[in-house]
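K.L.:
sequence and computational prediction follow.
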Amino acid sequence: MQTPGIRLDEIVIVPYERRWPELFEEQRDRVAAVLAPVLVGPVEHIGSTSVPGLPAKPIIDMLARVTDHAAAGPVAERLAEIGWVAAPEPTDRELRRWSYCFPDVARRSHHLHVVEHASDGWPTWLVFRDRLRADPAAAARYAALKTELAARDRHDRVAYRAGKAPFIEAVLDT
């Protein structure tokens, strides 16, 4: 029996899958329909699966910006009606965002970040994605780094994220 809320998927980097954009689109439309009353702009495909040719963990990361954290709360809760499961991250509350997984937290295929439009962090997610899309050499270096980090420990998400941080910062500083 699995424990609810525990991520059982290992950190595994796989070759780019041509279906990732299609899998994003399938959920994008469903999420956008639910969040429509508070959605600001389009639901975005972010993360490594959004960069053509980039190896990645096979989890589709998505970004939905909403007008206001408090006002969006009741609307965001409706994501459960279409199969999304709340998957709070340790910093969600202070960063005024919510995290959801589909179809479940343990073995997710999609991860949705619902953030307040006025928050600071989300613009860098789009900038990083766009820079990797425009710079195949940087994308290749990022792929090599992620593969190396995943090989060290397939279960240590904290170390994996920390190991990627300097590279991400360097790309954002260019």
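P.N.:
Yep, it's here.
K.L.:
next, find the distance separating the residue nearest to A86 when sequence neighbours are not counted from D61.
P.N.:
Residue nearest to A86 in three dimensions, not counting chain neighbours: Y100, with 5.9 Å by CB to CB, 6 or more residues apart in numbering. Where C-beta positions appear, they are placed from N, C-alpha and C, glycine not excepted. Going from Y100 to D61 by CB to CB, to the nearest Å gives 11 Å.
K.L.:
the residue nearest the centre of the chain: what secondary structure?
P.N.:
With distances taken as CA atoms, centre = their mean, the chain has D61 as the residue nearest its mean C-alpha position (2.9 Å). Going by DSSP: H, G, I helix; E, B strand; the rest coil, the secondary structure assigned to D61 is strand.
K.L.:
which residues sit in contact with it?
P.N.:
Contacts of D61 were listed using CB atoms under 8 Å, 6 or more residues apart in numbering, and they are H45, I46, G47, S48, T49, S50, H110, H111, H113.
K.L.:
identify, from the residues you listed, the entry nearest to R65.
P.N.:
Taking CB to CB as the measure, H113 is the one of the contacts of D61 closest to R65, at 9.3 Å.
K.L.:
returning to that earlier point: and the residue nearest to the centre of the chain, what's its pLDDT?
P.N.:
Among the per-residue scores, D61 holds a pLDDT of 97.
K.L.:
how about the one 4 residues further on?
P.N.:
According to the predicted model, the pLDDT of R65 comes to 97.
K.L.:
surely it and W122 touch.
P.N.:
Yes - here R65 reaches W122: they are 6.4 Å apart, a contact under CB atoms under 8 Å.
K.L.:
and for the two, which residues touch both?
P.N.:
Applying CB under 8 Å, 6+ apart, one finds that R65 and W122 are jointly contacted by V115.
K.L.:
in a markdown table: the contacts of D61, plus pLDDT and neighbour count.
P.N.:
Formatted as a markdown table, the entries for the contacts of D61 read as follows, by pLDDT from 0 to 100; neighbours: other CB atoms under 10 Å:
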| residue | pLDDT | neighbour count |
| --- | --- | --- |
| H45 | 98 | 20 |
| I46 | 98 | 20 |
| G47 | 97 | 23 |
| S48 | 97 | 24 |
| T49 | 98 | 26 |
| S50 | 98 | 23 |
| H110 | 97 | 21 |
| H111 | 96 | 23 |
| H113 | 94 | 22 |
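K.L.:
in strands only, show me those.
P.N.:
Taking DSSP state E, the ones among the contacts of D61 that sit in strands are H45, I46, H110, H111, H113.
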